[in-house]
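Participant: Give me coordinates for this.
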Amino acid sequence: MAAPLLPYIRGLYDTPIGLTNLLDEIPYGLVVLDLRKRIILINRALENLTGYGSRQVGGIHCCYILRSNLCGLHCPIDKLADQSGPILAEGNLVNRNRQRLPVRITASVIEDNHGKPLGFIETVEDITSTVEGPSKGNASFELTDLIGRSREIQRVFQILPVIAMTDSSVLITGQTGTGKDLVAQAIHQRSDRAKGPFIKVNCGALPETLLESELFGHEKGAFTGAVVSKPGRFRMANNGTLYLTEIGDLPLSLQVKLLSFLDDKTVHPLGSAKTFRVDVRVVAATHRNLEEMVRQNKFREDLLFRLNVIRLQLPPLLERGDDIEILLDHFLKIFSLRFKKSLRGFSEEAHGILLKHPYPGNVRELRNIVEYAVNFCDEPLIQTHHLPKYVTETGPPQEQRVLEPEAPDERNPPVITLAPGDIDGVRFKWCDVEKRLILEAITNARGRKGKAASLLGWGRSTLWRKMKKLGIEG
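Facilitator: This next block holds a predicted model:
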C-alpha cells in the first residue's frame, strides 16, 4: 500500500459512517489502488462480480483480480497521464468462476489537497444486459453452463426475457442440479435491474439467528458478537435482485418477516428503532414441494402465494433428450482447457455409459463426472476407468465414510504414495490426494454438498473451505 494514501484510508475507516459501509451501499463494483496498482480495498458489489472477498485481495496487483482484456496495453489507469479527467473503457472481465462478463471500467486519480497523486479508484459496471441481444429463433441458447437445444429447455429460454421484463416475484422450482441459480442470474441480467446488485442467500446454509441478521441486518450491540452494524442483504440488494435459494429451508419465524417485506418493502434491522425502505425484486428457488410443505404446516401458504406470482419449473436432465451429449462435449472443452489437457473426447464405451446414465443429480452431476474424468485422464480419450466407479458399476454407489486426516504442514506438504489400484501407485502431494477425495465424494453424492461432506466425515463448512482452497468450484 502506498504510504501517503494510508492515513486517508484509516481516517475514512474511523468516520461515523465507516468506509466499508459507505462503499458497500454503491451498486457498482469499486476498487481503490495504490500508485503501483495494488489493491487496497474493494466493495461488496465487486466481490459479487469477481468472486473474490475483500480479505483475499489486499496488496495484490489489480490485473490478477479483475482479469480483464484491458489489462496491459489498454489499461485505463496508464492512460490517465495523457488525459485530464476520468478514463472510460469497455472490455471483458473473467471472474473466479471463469465466467466472462462484459464490463465498463471508469478510472480516476486520487489526489491530496495539493494535487499530488495518492492512488487510483476504478468503478466496474456489469453491462451484460446491454451487449447481449435477445435469442434468435430456435437456435441453441447458452447461459454459462445452462445450454441445450431440446424442446423442454427451449421453452425455458423463450420465457426468460418475458419474466425478466416484469418486476414481480419469481419462484424457480426443479430438482437439484437443474440450473436454478443460472436461471436466477439470467433473469436479473436481462431485467431493468441489471445495473443493480445481484445478491444470493442460501436459506439452508445458516442457523436461524445468523440468517435473520444476514437478511435484515443488525445494529452494533444488538446481540453478543455484534461489534459493528451490518446493513443486511435486503439493503445491499437495493435497486437490484435478491435471490433466495433453498427457500423451503427458511424457518417459519423468518417466513413471517419475509412476507412482511414483500407486503411493504421495508426492512427493520435487529436492535434498531428505524425502518428502511428498499427497492428489491425477490427471486426464490427450491427443489422441495412447497405445496406439500404447506399441508404439513412447514411453509406458510400466504408466503407461497406471494412468491408464486411467476413460477418457472426447470426440467430434469432425463427429459432433455440429446442435451446430454451437448453438455458432455461442452464440459469436456471447459475442463480440458482448465486443466491444460488435449483430450479428443470419450471412448465409444465411456460415451455409451454416460449417455445411458440416469443422472439423478442432473446437470450438476454430469458436470462433476466430466470434471472428475478430465482431472485424472492421461490418455487422448477418456476411458471407462477414468469415470467414477459408481457410474460404471451396477446399483447405487456404496457410501463410505472417510475420516478427516490430520492437517498437514502447509510449509512442507508431505508426499504420499497411494496404494496400487488407487491412482496406479503414483506419488502425489497431499493436496492432490485431498482433491481426489473431494471430487469422488461430490460425484458419488451427485453434486449434493451436504451429502458429500457426510461421506467424507466432515462438516459442510470444512468441505467448502477445502474446496475453495483447492480451487474446486461449488
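
Participant: Please count neighbours and contacts with C-alpha atoms only from this point.
Facilitator: Will do.

Participant: Could you tell me how far Thr123 is located from Arg151?
Facilitator: According to Cα to Cα, to the nearest Å, Thr123 and Arg151 sit 41 Å apart.

Participant: ok, now how distant is Thr443 from Lys451?
Facilitator: 10 Å.

Participant: ok, now Ile247?
Facilitator: 19 Å.

Participant: Thr443 and Lys451 - which one has more neighbours?
Facilitator: Taking Thr443 and Lys451 together and counting by other Cα atoms under 10 Å, Thr443 has the greater number of neighbours (28 against 19).

Participant: neighbour-wise, which of Thr123 and Arg151 wins?
Facilitator: More neighbours surround Thr123 than the other of Thr123 and Arg151, with 20 against 14 (other Cα under 10 Å).

Participant: ok so the more buried one is a strand residue?
Facilitator: Yes - assessed by DSSP: H, G, I helix; E, B strand; the rest coil, Thr123 belongs to a strand.

Participant: out of everything not next to it in sequence, what's closest to it?
Facilitator: Leaving out its chain neighbours, the residue that sits closest to Thr123 by Cα to Cα, 6 or more residues apart in numbering is Leu30, at 4.5 Å.

Participant: which SS class is that neighbour?
Facilitator: Leu30 ends up strand, using three-state DSSP.

Participant: these two touch, right, it and Ser108?
Facilitator: No - counting by Cα atoms under 8 Å, Leu30 sits too far from Ser108 to count as a contact (11.4 Å).

Participant: joint contacts of those two?
Facilitator: Ile121, Glu122 (Cα atoms under 8 Å, 6 or more residues apart in numbering).

Participant: roughly how far apart are Ser168 and Pro251?
Facilitator: Where Pro251 is concerned, Ser168 sits at a distance of 23 Å (Cα to Cα).

Participant: which residues of the stretch 1-150 of the chain fall in strands?
Facilitator: 29-33, 39-42, 87-94, 100-111, 117-126, 141-143, 146-148 (DSSP state E, counting those that start in this stretch).

Participant: How far does the first one sit from its chain's centre?
Facilitator: So the one you mean is strand 29-33. 20 Å (Cα atoms, centre = their mean, to the nearest Å).

Participant: Only the buried residues of stretch 274-292, if you could.
Facilitator: If you call a residue buried by 16 or more other Cα atoms under 10 Å, then stretch 274-292 has these buried ones: Val278, Val280, Arg281, Val282, Val283, Ala284, Ala285, Thr286, His287, Arg288, Leu290.

Participant: distance between the ends of that stretch?
Facilitator: For stretch 274-292, by Cα to Cα, the gap between its terminal residues amounts to 37 Å.

Participant: Show me the domain layout of the chain.
Facilitator: Here the domain parsing of the chain from automatic domain parsing is 3-126, 141-315, 319-398, 401-474.

Participant: any idea of the mean pLDDT for the last one?
Facilitator: It refers to domain 401-474. In this model, domain 401-474 has an average pLDDT of 61.

Participant: do the same with stretch 186-202
Facilitator: Mean predicted confidence for stretch 186-202 is 90.

Participant: if we look at it, which residues are touching it?
Facilitator: Contacts of stretch 186-202 (Cα under 8 Å, 6+ apart): 27-28, 45, 48, 125-129, 143, 160-161, 163-166, 185, 215, 233, 236-247.

Participant: redo that, cut-off 7 Å
Facilitator: For stretch 186-202, contacts defined as Cα atoms under 7 Å, 6 or more residues apart in numbering pick out 27, 45, 126, 128-129, 160-161, 163-165, 233, 237, 239-246.

Participant: likewise stretch 361-373?
Facilitator: 176-178, 316-317, 331-332, 335, 359, 382, 386-388, 439, 443, 446-447.

Participant: mind checking how far Pro86 is from Trp458?
Facilitator: Where Trp458 is concerned, Pro86 sits at a distance of 50 Å (Cα to Cα).

Participant: what bits of this structure have low per-residue confidence?
Facilitator: The chain contains residues with pLDDT under 70 at 1-22, 24-25, 83-84, 128-146, 394-433, 473-474.

Participant: Give the residue farthest from the middle of it.
Facilitator: For the chain, the residue at maximal distance from the C-alpha centroid (Cα atoms, centre = their mean) is His114, at 42.7 Å.

Participant: before we move on, could you check phi and psi at that one?
Facilitator: Dihedral pair for His114: phi -100, psi 10, per degrees, to the nearest 10.
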